[in-house]
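>>> here's a sequence, model it:
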Amino acid sequence: MTFPTANNPDVEQTVARLKDLSDQAIEAAKQNGRNWLDAYEQMLNSYLKLQQQAAQGSQVEWVNTLANTNAEFVREMSQAYLSAVREQLK
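From the prediction side, this is the model:
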């Protein structure tokens with residue numbers, strides 16, 4: 001009975017296939033992460049737009065100002081976060 005060794009062509013082929021599969025899985029995970037980030041960003045922007053529209057409908061100036069300030073703050077912070085995460089997914 002022979003045991004596989006590091007120089008065995010079957011072992012080398014198996015290792016190469018596993019590496020290819022691993023690379024494909026990593027790329028698929030990164031793409032899924034990028035898709036999730038895009039969807040999250042769209043949802044967040046829609047929510048913030050709705051928040052600003054609701055505040056405008058209140059006709060109370062300080063509520064409108066507070067909602068707009070909050071929306072801009074959340075938008076800027078989420079942009080920084082999403083940019084950092086996107087950079088990691090490259």
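
>>> so for the helix or strand that residue 69 is a member of, mean pLDDT?
Using DSSP states H and E, residue 69 falls within helix 61-88. Averaged across helix 61-88, pLDDT comes to 93.

>>> list the buried residues for it?
By 16 or more other Cβ atoms under 10 Å, the buried positions in helix 61-88 come out as 64, 67, 71. Backbone N, C-alpha and C define where each C-beta goes, glycine included.

>>> now the angle from the lengthiest helix in the chain to helix 61-88?
Secondary structure of the chain per DSSP state H: the longest helix is helix 9-58. Calculated by axes from the mean of the first three to the mean of the last three Cα atoms, to 10 degrees, helix 9-58 forms an angle of 170 degrees with helix 61-88.

>>> still on that earlier bit, go through the buried residues of helix 61-88 and name the one nearest residue 14.
residue 71 (54.0 Å; Cβ to Cβ).

>>> what sits against the closest one?
Applying Cβ atoms under 8 Å, 6 or more residues apart in numbering, we find residue 71 in contact with 48, 49, 51, 52.

>>> could I get the contacting residues of the last one?
The reference is to residue 52. Neighbours of residue 52 in contact, by Cβ under 8 Å, 6+ apart: 67, 68, 71.

>>> ok, now the second one?
With contacts taken as Cβ under 8 Å, 6+ apart, residue 49 has the following neighbours: residue 71.

>>> any idea how far it lies from residue 75?
Per Cβ to Cβ, to the nearest Å, residue 49 is found 10 Å from residue 75.

>>> one more: the third one?
Applying Cβ to Cβ, one obtains 11 Å for the distance of residue 51 from residue 75.

>>> also residue 54?
Distance of residue 54 to residue 75, given as Cβ to Cβ: 16 Å.

>>> and what of residue 8?
Relative to residue 75, and taking Cβ to Cβ, residue 8 is found at 57 Å.

>>> I am finished for the moment; much appreciated.
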